[in-house]
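# The amino acid sequence is not available; the structure is as follows:
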């Protein structure tokens, strides 16, 4: 019963994490503006704005930066390719997400966004994460993906000491995402369809990692050193090319769920894992 509860709880975290993040920001009970025209009538105390599939006139779009109190901004399917004029004036912005907008770069002058805690960029035309991301020293959650293009990850990522959550999907990365494995504060790591076919052995850096998801990749082997990430509770390795997993995985004391569905694993290997991990739910 305990393992079942943990499994449900962890999957709940994965499925609801993104939508709940937006709700965290802003004063309790504050208005969420869904129409830019209405927000412009108010001007002051505009803390949250969710412009979901709203067609935005260019003159109005440029005025988003005048909302000095803005804490959370979500754009989705707005047909924009650039950030609002003087976007870096939104120094209190804590949450920013853009979906289905053809942005080509990260915001300029990232040093201005020193209060940013959550950053998500999906379905853009961005092909690299700038080294200047290091200035986002309050960043706790970073989600990026769905470009179906290459993605370069900077060496400065490891200096983000407050970064707890990284999710990257549907991009072409370096086959060995070593820069991500240097972010020592991570407790949630999600990599899906990222061209990953080899992992670094330095799992000892991920001392706080609880959820590790590596799915839809051509990887054929998981390093023996995975057991060094001692707090792992959920490991999902669905739809890869694995024929086995290292026996050292049995040394993870908190492991409650191991998902291996979609891998060419033999029945013999399945039976062995069930015997070695009697307290862990294993999905094949």
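Right, received. Where do you want to start? These numbers come from a predicted model, not from an experiment.

# Which stretches in the stretch 51-200 of the chain count as strands?
72-76, 95-99, 118-122, 141-145, 165-169, 188-192 (DSSP state E, counting those that start in this stretch).

# residues in contact with the last one?
Under the criterion Cβ atoms under 8 Å, 6 or more residues apart in numbering, residues 13-14, 17, 145, 164-170, 173, 177, 180, 206, 209-217 lie in contact with strand 188-192. Backbone N, C-alpha and C define where each C-beta goes, glycine included.

# Kindly report the same for the fifth one.
In this structure, residues lying in contact with strand 165-169 by Cβ under 8 Å, 6+ apart are 17, 140-146, 151, 177, 180, 183, 186-194.

# where exactly do the helices run in the stretch 1-150 of the chain?
Per DSSP state H, counting those that start in this stretch, the stretch 1-150 of the chain carries helices over the ranges 2-24, 36-42, 58-61.

# next one: the last one to chain centre, how far?
Looking back up the chat, that one is helix 58-61. 30 Å (Cα atoms, centre = their mean, to the nearest Å).

# want to try JSON lines for the strands of the stretch 51-200 of the chain, with distance to residue 130 as columns?
Listed next are these as JSON lines, based on distance: least, Cβ to Cβ, whole Å:
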{"stretch": "strand 72-76", "distance to residue 130": "20"}
{"stretch": "strand 95-99", "distance to residue 130": "15"}
{"stretch": "strand 118-122", "distance to residue 130": "12"}
{"stretch": "strand 141-145", "distance to residue 130": "12"}
{"stretch": "strand 165-169", "distance to residue 130": "15"}
{"stretch": "strand 188-192", "distance to residue 130": "20"}
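
# Reformat those strands as JSON lines; add mean pLDDT, distance to residue 105 and mean neighbour count.
Shown next, in JSON lines, are the strands of the stretch 51-200 of the chain (pLDDT from 0 to 100; distance: least, Cβ to Cβ, whole Å; neighbours: other Cβ atoms under 10 Å):
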{"stretch": "strand 72-76", "mean pLDDT": "98", "distance to residue 105": "15", "mean neighbour count": "22"}
{"stretch": "strand 95-99", "mean pLDDT": "98", "distance to residue 105": "12", "mean neighbour count": "21"}
{"stretch": "strand 118-122", "mean pLDDT": "98", "distance to residue 105": "10", "mean neighbour count": "21"}
{"stretch": "strand 141-145", "mean pLDDT": "98", "distance to residue 105": "13", "mean neighbour count": "21"}
{"stretch": "strand 165-169", "mean pLDDT": "97", "distance to residue 105": "17", "mean neighbour count": "20"}
{"stretch": "strand 188-192", "mean pLDDT": "97", "distance to residue 105": "23", "mean neighbour count": "21"}
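
# Relative to residue 57, which of those strands is closest?
strand 72-76 (14.3 Å; Cβ to Cβ).

# Model confidence for residue 245, exactly?
Listed pLDDT for residue 245 reads 96.

# Spatially, which residue comes closest to it, not counting chain neighbours?
residue 222 (5.5 Å; Cβ to Cβ, 6 or more residues apart in numbering).

# again with residue 54
residue 78 (6.1 Å).

# Okay, residue 181 and residue 153: tell me how far apart.
Plainly put, residue 181 is 11 Å away from residue 153 if you go by Cβ to Cβ, to the nearest Å.

# Mind splitting this protein into its structural domains?
What automatic domain parsing lists as the domains of the chain is 17-172, 183-284.

# So what does the nearest residue to residue 30 once chain neighbours are set aside look like in phi/psi?
Distances taken as Cβ to Cβ, 6+ apart put residue 47 closest to residue 30, at 4.8 Å, once the chain neighbours are dropped. Residue 47 adopts backbone torsions of phi -100, psi -30, taken as degrees, to the nearest 10.
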